[in-house]
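**Student:** Can you look at this prediction? I've put the sequence above it.
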Amino acid sequence: MRIAVLPIGPVDGVMLEAVRRSLSEAFPDTEAVVLGDALALPDEAYNPQRDQYHSSMVLSFIRAYTRKVDVHRILGMTEADLYVPGLNFVFGEAQRLKGPAIISLFRLRPEFYGEPPNMELYLERASKEAVHEIGHTLGLSHCRNPRCVMFFSNSILDTDRKDRAFCEGCYLKVLENMKKLG
């Protein structure tokens, strides 16, 4: 499987590389690459009342972009704060089965919660959310195991509690669905 990591707006190169490595490690026989050109955040996705970007609209722009690259999956990464209607924010969103995915780094920084900067924690949170969203693109749903990377993160506490890896049941689904890619 080949996964592309696509910066949406300016994204730190260290973060892009850390997430790329995590995706290669989490999914067997996978090559993850960082795409060099950043895609601009679409103005139409911005909601000035919320000062956030509608993640589903950003996904539509990513989907249009994916026709230009030869990959099985694509993960957008942005520094912008994302939301979907009905929720205050989202750490990420994915279109299940073959679609693109996106994660927001905005609320993953310890500083967002009044804590001191901690690059190791920041990278770990981003890696977990990246693996989680790519898992959705492989057809996985949220898992009930709070340690599984596919557990739904309602808050940063959920993200911190879960592992970077799939539980056994979710990992078997990943392997099964990856076989279908050929």
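**Tutor:** Now that the structure is in, tell me what you want to look at. Numbering: from 1, shown residues only.

**Student:** All the helices of the protein, residue numbers only.
**Tutor:** Taking DSSP state H as the criterion, the chain contains helices spanning 13-26, 55-66, 119-137, 156-161, 168-179.

**Student:** Ok, which of these comes nearest residue 5?
**Tutor:** helix 13-26 (5.1 Å; C-beta to C-beta). For glycine as for every other residue, the C-beta is placed from the backbone atoms N, C-alpha and C.

**Student:** ok, and which of the helices of the chain has the densest surroundings?
**Tutor:** helix 119-137 (a mean of 22; mean count of other C-beta atoms under 10 Å).

**Student:** Now do that one, average pLDDT.
**Tutor:** Mean pLDDT, helix 119-137: 97.

**Student:** Pull the number of nearby residues for the nearest residue to residue 57 once chain neighbours are set aside.
**Tutor:** Leaving aside its chain neighbours, residue 57 sits nearest to residue 45 (3.8 Å; criterion: C-beta to C-beta, 6 or more residues apart in numbering). By the criterion of other C-beta atoms under 10 Å, residue 45 has 19 neighbours.

**Student:** for residue 32, same thing?
**Tutor:** Neighbour tally, residue 32, other C-beta under 10 Å: 24.

**Student:** For the protein, spot the helix or strand the model is least confident about on average.
**Tutor:** Lowest on mean pLDDT, DSSP states H and E among the helices and strands of the chain sits helix 55-66, with a mean of 91.

**Student:** That one packs against which elements?
**Tutor:** On a contact count with 3 or more C-beta pairs under 8 Å, 6 or more residues apart in numbering; DSSP states H and E, helix 55-66 meets strand 2-8, strand 73-78, strand 82-83, strand 92-94, strand 101-104.

**Student:** Please render these as CSV that adds distance to residue 151 and mean pLDDT to the earlier fields.
**Tutor:** Shown next, in CSV, are the helices and strands packed on helix 55-66 (distance: least, C-beta to C-beta, whole Å; pLDDT from 0 to 100):
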stretch, distance to residue 151, mean pLDDT
strand 2-8, 21, 95
strand 73-78, 19, 96
strand 82-83, 19, 98
strand 92-94, 13, 97
strand 101-104, 15, 98
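
**Student:** Can you say which of these is packed in most?
**Tutor:** strand 101-104 (a mean of 28).

**Student:** Which elements pack onto that one?
**Tutor:** helix 55-66, strand 73-78, strand 92-94, helix 119-137.

**Student:** ok, and what's touching stretch 26-44?
**Tutor:** For stretch 26-44, the external contacting residues (C-beta atoms under 8 Å, 6 or more residues apart in numbering) are 1-11, 16-17, 20-21, 23-24, 53, 57-58, 61-62, 65, 69, 71, 76, 78, 80, 131, 134, 149, 164-166, 174-175, 178.

**Student:** hang on, the earlier thing: would you mind giving the helices and strands packed on strand 101-104 as TSV with distance to residue 102 added?
**Tutor:** Shown next, in TSV, are the helices and strands packed on strand 101-104 (distance: least, C-beta to C-beta, whole Å):
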stretch	distance to residue 102
helix 55-66	6
strand 73-78	4
strand 92-94	6
helix 119-137	7
